[in-house]
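Visitor: have a look at this fold, sequence not included:
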């Protein structure tokens with residue numbers, strides 16, 4: 001955990017770390033698999049094209065998973081995502097209005113979703129593809145309540 005560890009203040013401790021769910025790789029894997037299936041006979045150029053789309057989606061998912069950090073400390077909620085263009089949200093517990101979770105049907109089945117951090121003055125910041133989002137929200141709200 002690079003960004004979070006390097007930006008902790010004195011005596012600040014990490015309480016919970018959010019992780020990106022493996023489900024973000026599924027669309028890329030499906031496209032790559034379809035591309036491999038189509039790489040027979042006359043459909044080979046189409047198969048190569050579909051495979052390349054899948055490969056690009058897999059690289060994109062990997063970069064998102066690699067560059068996303070989400071943590072709750074005993075003082076703040078910290079979210080960082082982006083590799084080249086970095087976006088960070090660091091809210092003191094007193095400035096967090098709430099955390100909401102958006103999950104579709106597949107997200108409920110596989111236990112992943114979007115955690116939306118609502119802060120005073122900072123608006124809504126969605127962090128997509130987080131594993132165990134309800135547990136993350138529960139831990140964050142419990143820690144925020146402890147500091148109130």
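Guide: Looks like it came in fine. Just so we're clear, the structure is a prediction, and the values are computed from it rather than from any experiment. Numbers count the residues shown, from 1 in each chain.

Visitor: use CA for all of it now, contacts and neighbours both
Guide: Will do.

Visitor: in the protein, which spans are helices?
Guide: 2-6, 26-38, 44-67, 105-110, 133-147 (DSSP state H).

Visitor: of those helices, which is nearest residue 79?
Guide: helix 2-6 (8.4 Å; Cα to Cα).

Visitor: let me know the average pLDDT across that closest one.
Guide: Average pLDDT, helix 2-6: 88.

Visitor: what does stretch 20-31 give?
Guide: Stretch 20-31 shows a mean pLDDT of 94.

Visitor: that older thread, which one of the helices of the chain lies closest to residue 73?
Guide: helix 133-147 (8.1 Å).

Visitor: contact partners of the closest one?
Guide: 16-18, 72, 74-75, 77, 93-94, 98-101, 111-115 (Cα atoms under 8 Å, 6 or more residues apart in numbering).

Visitor: just the buried residues of those.
Guide: Buried members of these, counted by 16 or more other Cα atoms under 10 Å: 16, 18, 72, 74-75, 77, 93, 98-101, 111-115.

Visitor: can you pull the phi/psi pair for residue 9?
Guide: Main-chain torsions, residue 9, degrees, to the nearest 10: phi -90, psi 170.

Visitor: what about it, how many residues close to it?
Guide: 9 (other Cα atoms under 10 Å).

Visitor: quick one, what contacts residue 46?
Guide: Per Cα under 8 Å, 6+ apart, neighbours of residue 46: 35, 38, 39.

Visitor: right, I mislabeled it, should have said residue 102
Guide: Under the criterion of Cα under 8 Å, 6+ apart, the contact list for residue 102 reads 113, 114, 115, 116.

Visitor: roughly how far apart are the third one and residue 19?
Guide: I take that to be residue 115. Distance of residue 115 to residue 19, given as Cα to Cα, to the nearest Å: 11 Å.

Visitor: which residues do the two both contact?
Guide: residue 130.

Visitor: sorry, back to before: reformat the helices of the chain as TSV; add distance to residue 85.
Guide: TSV is the format used below for the helices of the chain (distance: least, Cα to Cα, whole Å):
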stretch	distance to residue 85
helix 2-6	14
helix 26-38	22
helix 44-67	10
helix 105-110	27
helix 133-147	24
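
Visitor: wait, residue 35 sits on residue 43?
Guide: No. With contact defined as Cα atoms under 8 Å, residue 35 does not reach residue 43; the gap is 9.7 Å.
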